[in-house]
Every structure is written in structure tokens, then in C-alpha cells.
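>>> From the sequence below, what's the structure:
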Amino acid sequence: MPDVTFMVSDLASAEDSEKLERALGRLDFVNLVNVDSEKGLVAVSYEGGETELARIEDAIEEAGHDAKPSPGADPDVD
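Predicted structure coming up:
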């Protein structure tokens, strides 16, 4: 199960999704990335805490996308 899910509103094509998936997959603490461009969701399973979460958000932005955590997808809730 993903540790965090982001809403990404500007995934226009499969190419955008693949680029974002590759960018997140390069992070050594990311175990799994699932990009659903139709729903505008990016699910990320990772090891770490707030620092790694911030790096994931930065990687999404560096790939040219705006993202915010999905409602109800609070990584601090067990």
C-alpha cells in the first residue's frame, strides 16, 4: 500500500506520466511509484519520514508538475 498519494492536476499524457514515474523512481528511498494520469493521482511507497516526503514533492515539482497530498492520504496516520 502506498505511503502517500498526491493529486497531480497537470498530467496531460502518458509521456508525462512516464517522465514523472522515472523521476520518482530515481530516489533511492522510493520503493514503488504508480501514476494514474486519468485520475491525476500519484501513489508513492517510500522509506523515511518528513525529509523524504519533501524530496518526493520536490521531485514532482522539478518534473514540471503541481502536486498536493490527496485528501485523506495523511502519511502520519496509521
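>>> From now on I want contacts and neighbour counts done on CA atoms only, so please keep to that.
OK.
>>> On the three-state scheme, the most centrally placed residue in the chain is what?
The centroid of the chain falls nearest to residue 42 when counting by Cα atoms, centre = their mean (4.5 Å). Of the three states, residue 42 takes strand under DSSP: H, G, I helix; E, B strand; the rest coil.
>>> Now it. Nearest residue, chain neighbours left out?
Nearest residue to residue 42, sequence neighbours excluded (Cα to Cα, 6 or more residues apart in numbering): residue 35, at 4.5 Å.
>>> shouldn't residue 5 be in contact with residue 42?
Yes - Residue 5 lies in contact with residue 42 (Cα atoms under 8 Å); the separation is 5.5 Å.
>>> Could you pull up the residues touching the residue nearest to residue 42?
Residue 35 makes contacts with 17, 18, 20, 21, 41, 42, 43, as judged by Cα atoms under 8 Å, 6 or more residues apart in numbering.
>>> State the three-state secondary structure for the third one.
When you say that, I think you mean residue 20. helix.
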